[in-house]
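Visitor: My questions concern the predicted model and sequence given below.
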Amino acid sequence: MVTATLTSKGQLTIPKSVRDSLHLHAGDRITFIVHNNEEAVMKPVTKSVDAVFGRLHSTGQPHKSVEEMNAAVAKRMREQKG
């Protein structure tokens, strides 16, 4: 179990092992979900498209048009229904 200490200002430093596991970086947003006033779940807020733009591209990977991507998604959806 990993622990952290709350400061007098209500601040908390998230331990490095937790930041690494959740792929958190400076400036990332986090939400807390409180259950029955007894426990809280910390979750990274989903990032915007602008924040992750270009991260899926690999050198040497052919570029796909929007139409090609839409066709691939439609094909996969048909396969899953089927």
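Guide: Arrived safely. Quantities reported herein were computed from a predicted structural model and do not represent experimental measurements.

Visitor: sec struct for the most centrally placed residue in the chain, please.
Guide: The C-alpha lying nearest the average C-alpha coordinate of the chain belongs to Thr46 (C-alpha atoms, centre = their mean; 5.1 Å). With DSSP: H, G, I helix; E, B strand; the rest coil as the basis, Thr46 sits in coil.

Visitor: distance of it from Gln61?
Guide: 24 Å (C-beta to C-beta, to the nearest Å). Bear in mind the C-beta positions are built from the backbone N, C-alpha and C, glycine included.

Visitor: Wait, a helix at Ala71?
Guide: Yes - assigned with three-state DSSP, Ala71 falls within a helix.

Visitor: chain center to stretch 3-13: distance?
Guide: In terms of C-alpha atoms, centre = their mean, to the nearest Å, the centre of stretch 3-13 is found 23 Å from the chain centre.

Visitor: List of residues touching it?
Guide: By C-beta atoms under 8 Å, 6 or more residues apart in numbering, the residues outside stretch 3-13 that reach it are Ile14, Pro15.

Visitor: Could you tell me the end-to-end distance of it?
Guide: End-to-end distance for stretch 3-13, by C-alpha to C-alpha, to the nearest Å: 10 Å.

Visitor: same check, this time on stretch 13-27
Guide: So stretch 13-27: terminal residues 13 Å apart, C-alpha to C-alpha.

Visitor: Quick check: buried residues in that stretch?
Guide: Residues of stretch 13-27 classed as buried: Leu24 (neighbour count, 16 or more other C-beta atoms under 10 Å).

Visitor: All good on my end, thank you.
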